[in-house]
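Enquirer: mind folding the following:
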Amino acid sequence: MGGGISGRIWRRARSYGMLAVMIYITGDTHGGIDMAKLDDTHFRGQFALTKEDYLIIAGDFGFIWQNNDKEREWLEIFEKLPYTTLFIDGNHENFELLNSYPEDEWQGGMIHRINDSLFHLMRGQVFEIEEKRFFTFGGGRSLDRAFRRPQISWWPEEMPSAAEFQEGLDNLERCQWKTDYVITHAGPAKIASGVSALFGTDSLVTYLQAVADRLEFRRWYFGHYHVDREINSKFRALYQDVVPLGG
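Expert: Next up is the predicted model:
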C-alpha cells in the first residue's frame, strides 16, 4: 500500500473521490509474450488499484488472435485484474476477430467492448478520461509480412483506411486540435526514423507526422519499436516500461 495509507483509509478515500484516478501506459504485450511487466511491483504493488484506474497498452495487444480456450482464459484474467485495461490495436492483431466485437460509445469515443474490464480504443478517436483528453490511433506496418499468412497471421487492416484517417482529422477538428495525450502504436515519421531506420516511411507515420505538426498536446506515447526511450519532453517510446500518465 503506497504512502503509508492503510487499506481501509485508502478505500474510503477512493470511494469519496479524494484520491485521483491513476492511469498507466505501457507498450506491446503480444498475446502474453510481454505480459510479465504487468506484475512488476513498481506498477501494481505501488497502490491499491481499483476498476476506476486504467492501464493503456499502446498496440500489439495480441490476446484476440485465435479465439481458443487458452485465449479466452487470458481474457478472463484481464476481467479479473483490479484495474480496467484499455488498448489500441497494433499491426499484429487479428482484425477480423477484433472487429467482430460490439462497438460502443465510451467517454466520448468509439470502442470495441471485449468485456466489462477490457476495451479496444478505436482509431482516430478522442476520449475524455478524468478530465484529460486522449487522441488514439492504432495500426502499423509489419516488417515481417513476407513471413506471415494472410487472414491467418497477417491482416491488411493493420494499415488504416482513408475513412479512418479522415475520422481522426474530423475528431481533432471538433476539439480544435487541442488534446492532452496521444496514444499510438507507430510514431510520427520524424520521431520514428530516429528510433529505428528499419521501418521506413509509410502512409500512417506520414499521417501521424502531419497530426504532430499541427496538434497542441502535452505527451505522445507509442509502442511498436520494442524500445523504451524518452525521445524528448513530448514523445516517449514504450515497450517493457509501465509509466504513470505524464511520465
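Enquirer: now residue 70: which helix or strand?
Expert: Here residue 70 sits within helix 69-80, counting by DSSP states H and E.
Enquirer: and the helix or strand that that helix is followed by, which strands flank it?
Expert: Proceeding N to C from helix 69-80, the next assigned helix or strand is strand 84-88, under DSSP H and E. Sheet pairing of strand 84-88 (DSSP bridges) gives strand 54-58 (parallel), strand 118-121 (parallel).
Enquirer: turn these into a markdown table, including mean pLDDT, distance to residue 23 and mean neighbour count.
Expert: The way it works is simple: take the backbone N, C-alpha and C, and place the C-beta from them, glycine included. Listed next are the strands paired with strand 84-88 as a markdown table, based on pLDDT from 0 to 100; distance: least, CB to CB, whole Å; neighbours: other CB atoms under 10 Å:
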| stretch | mean pLDDT | distance to residue 23 | mean neighbour count |
| --- | --- | --- | --- |
| strand 54-58 | 97 | 5 | 24 |
| strand 118-121 | 98 | 13 | 24 |
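Enquirer: check residue 144 and give its pLDDT.
Expert: pLDDT recorded at residue 144 is 86.
Enquirer: against residue 237, how distant is it?
Expert: With distances taken as CB to CB, to the nearest Å, residue 144 is found 19 Å from residue 237.
Enquirer: same check on residue 92?
Expert: Taking CB to CB as the measure, residue 92 falls 17 Å from residue 237.
Enquirer: swap in residue 192?
Expert: 9 Å.
Enquirer: what do these two both touch?
Expert: Counting by CB atoms under 8 Å, 6 or more residues apart in numbering, the shared contacts of residue 192 and residue 237 are residue 225.
Enquirer: when the two are compared, which one has more neighbours?
Expert: residue 192 (28 against 25; other CB atoms under 10 Å).
Enquirer: got phi/psi on the more buried one?
Expert: phi -60, psi -40 (degrees, to the nearest 10).
Enquirer: just the pLDDT for it.
Expert: Looking at residue 192, its pLDDT reads 94.
Enquirer: how about it: what's its closest non-neighbour residue?
Expert: Counting by CB to CB, 6 or more residues apart in numbering, residue 205 is the residue found nearest to residue 192 once chain neighbours are left out, at 5.2 Å.
Enquirer: likewise for residue 122?
Expert: Per CB to CB, 6+ apart, closest to residue 122 is residue 110, 4.6 Å.
Enquirer: check residue 156 too.
Expert: residue 150 (7.5 Å).
Enquirer: what does residue 106 give?
Expert: Once flanking residues are discounted, residue 106 sits nearest to residue 119: 6.4 Å by CB to CB, 6+ apart.
Enquirer: check contacts around residue 205.
Expert: When contacts are taken as CB under 8 Å, 6+ apart, residue 205 is in contact with 186, 187, 188, 189, 192, 199.
Enquirer: so where does the residue lying closest to the first one once chain neighbours are set aside fall, helix or strand?
Expert: If I follow you right, that is residue 186. Spatially, and ignoring its direct neighbours in sequence, residue 186 is nearest to residue 140 (4.4 Å; CB to CB, 6+ apart). For residue 140, there is no helix or strand it lies in under DSSP H and E.
Enquirer: quick one: residue 140 from residue 59, how far?
Expert: 7 Å.
Enquirer: do the same with residue 226
Expert: According to CB to CB, residue 226 and residue 59 sit 11 Å apart.
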